[in-house]
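**Student:** Predicted model and sequence follow; I will ask about them next.
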Amino acid sequence: MNQKPKVIVSAPVPPDLREQLAERCEIVEVPTGQNPAEVLGADARATIEGMVCTVRTKVDQALLDALPALKVSSNFAVGFDNVDLAAATQRKVLICNTPGVLDGAVADVTIGLMLCLSRNLVAGDAFVRSGAWTKGAFPLTRDIRGKTLGLLGMGRIGRVVARAAQAFDMKVIYHNRREDPQAEGLATYVERDELFKSSDVLSMHIPLSAETRHSIGKRELSLMKPTAYLINTARGPVIDEAALIDALRAGTIAGAGLDVMEQEPLPADSPLCALPNVVLQAHVGSATHETRRAMIDLAVANLMDALSGKTPQAMVNPEVWQARA
């Protein structure tokens with residue numbers, strides 16, 4: 001009888017799904033976010049073939065060295081900036097993620113932040129609760145209908161946002177490295193600087209990489225309209241946060257809606273928390289019961305498929321799988 005492959009579980013796997021995984025694999029528990037190299041002894045690490053983890057687990061050269069038998073690491077996330085992809089690929093470790101299943105949820109938060117900013121809904125709630133309404137009317141806000149929505153990155157989430165924006169009669173423009181044929185009829189391609197200049201609402205939908213880190217800084221913000229809003233539901237570090245804070249204080253842009261920040265959790269003494277023209281969320285783009293369940297289902301399925309020789313649904317470095325085949 002073949003021995004079950006040993007896998008690290010360092011993500012919140014529901015009991016019913018854990019039972020399915022346990023039927024096919026030997027589970028080795030590692031608390032979410034903790035380094036398996038620090039939790040497990042050398043003997044335990046030597047036989048680990050798979051791992052399902054969150055982005056809090058750094059899959060870097062050191063961890064790869066500590067897990068010499070590792071064949072697949074499945075991220076419970078669509079992002080994979082926690083992974084040294086070059087090192088993993090060189091070591092022939094397959095990296096999987098969970099794209100597609102969270103597109104709608106993240107797009108919903110994007111639209112929600114856009115409405116909160118333009119109609120000042122958060123301040124409006126406080127206005128009523130404080131009793132200020134009994135003393136006068138709430139200040140006028142801004143329409144989004146007929147305005148221009150700019151998308152920096154037109155991938156799966158960007159396309160869902162673009163479709164939602166059509167319900168608000170918005171003109172949608174976007175910039176990618178190259179034009180996206182799937183965006184035809186949804187959005188118009190423009191050059192990068194033009195995107196910043198023309199957008200009334202500018203939304204980030206790009207992955208975090210060495211190239212995109214702080215790629216939106218003082219120069220890009222200075223191109224924007226003083227009435228424009230910036231929304232980020234991608235990754236915090238794609239924006240130079242210090243430059244953004246300066247722009248918000250100076251009125252270079254009208255406001256920002258942030259579901260992601262450079263430091264998470266965001267400390268209460270962050271300047272962002274004191275700015276009245278910022279709406280903040282706690283990285284909740286995918287945080288619904290339905291979406292998180294779909295994500296962990298896919299993450300575990302990717303892991304089990306890879307270990308059983310079946311092509312996983314979502315692979316970040318498919319060249320590793322192709323080389324095995």
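**Tutor:** Perfect, thanks for sending it. Since the structure is predicted, the reported quantities are computational estimates derived from the model, not experimental observations.
**Student:** How about Thr57: what's its closest non-neighbour residue?
**Tutor:** Spatially, and ignoring its direct neighbours in sequence, Thr57 is nearest to Ser10 (5.5 Å; CB to CB, 6 or more residues apart in numbering). (Glycine included, C-beta is placed from N, CA and C.)
**Student:** Can you tell me who that neighbour pairs with across the strands?
**Tutor:** Going by DSSP bridges, Ser10 is paired in beta bridges with Cys53.
**Student:** Identify the residues contacting it.
**Tutor:** Taking CB atoms under 8 Å, 6 or more residues apart in numbering, we find Ser10 in contact with Glu29, Val30, Pro31, Thr32, Gly33, Gln34, Pro36, Met51, Val52, Cys53, Thr54, Thr57.
**Student:** at 7 Å instead, please
**Tutor:** Applying CB atoms under 7 Å, 6 or more residues apart in numbering, we find Ser10 in contact with Val30, Pro31, Thr32, Pro36, Met51, Cys53, Thr54, Thr57.
**Student:** Check Asp305 too.
**Tutor:** Contacts were defined as CB under 7 Å, 6+ apart; by that measure Asp305 touches Thr311, Pro312.
**Student:** and it, what helix or strand is that in?
**Tutor:** Asp305 is part of helix 289-308 when elements are defined by DSSP states H and E.
**Student:** Following that helix in sequence, what is the next regular element?
**Tutor:** Moving toward the C-terminus from helix 289-308, the next helix or strand (DSSP H and E) is helix 318-324.
**Student:** how distant is stretch 114-126 from the center of its chain?
**Tutor:** The chain centroid and the centroid of stretch 114-126 are separated by 23 Å, computed with CA atoms, centre = their mean, to the nearest Å.
**Student:** Could you work out the end-to-end span of it for me?
**Tutor:** Using CA to CA, to the nearest Å, the end-to-end distance of stretch 114-126 comes out at 18 Å.
**Student:** What average pLDDT does it get?
**Tutor:** Averaging pLDDT along stretch 114-126 yields 98.
**Student:** Can you give me the buried ones in it?
**Tutor:** Of all the residues in stretch 114-126, those buried under the rule 16 or more other CB atoms under 10 Å are Met114, Cys116, Leu117, Ser118, Asn120.
**Student:** What does the last one show for phi and psi?
**Tutor:** Meaning Asn120. Phi and psi for Asn120, reported as degrees, to the nearest 10, are phi 50, psi 50.
**Student:** mind listing what it touches?
**Tutor:** Thr141.
**Student:** Repeat that for the first one.
**Tutor:** Taking CB under 7 Å, 6+ apart as the definition of contact, the neighbours of Met114 are Ile144, Val201, Tyr229, Ile231, Gly257.
**Student:** where does it land in three-state SS?
**Tutor:** Following DSSP: H, G, I helix; E, B strand; the rest coil, the label given to Met114 is helix.
**Student:** how much space between it and Asp143?
**Tutor:** Per CB to CB, to the nearest Å, Met114 is found 12 Å from Asp143.
**Student:** one step back: what about the contacts of Met114, which are in helices?
**Tutor:** Among these, no member is found in helices (DSSP state H).
**Student:** Of these, which qualify as buried by neighbour count?
**Tutor:** Among the contacts of Met114, those buried by neighbour count (16+ other CB under 10 Å) are Ile144, Val201, Tyr229, Ile231, Gly257.
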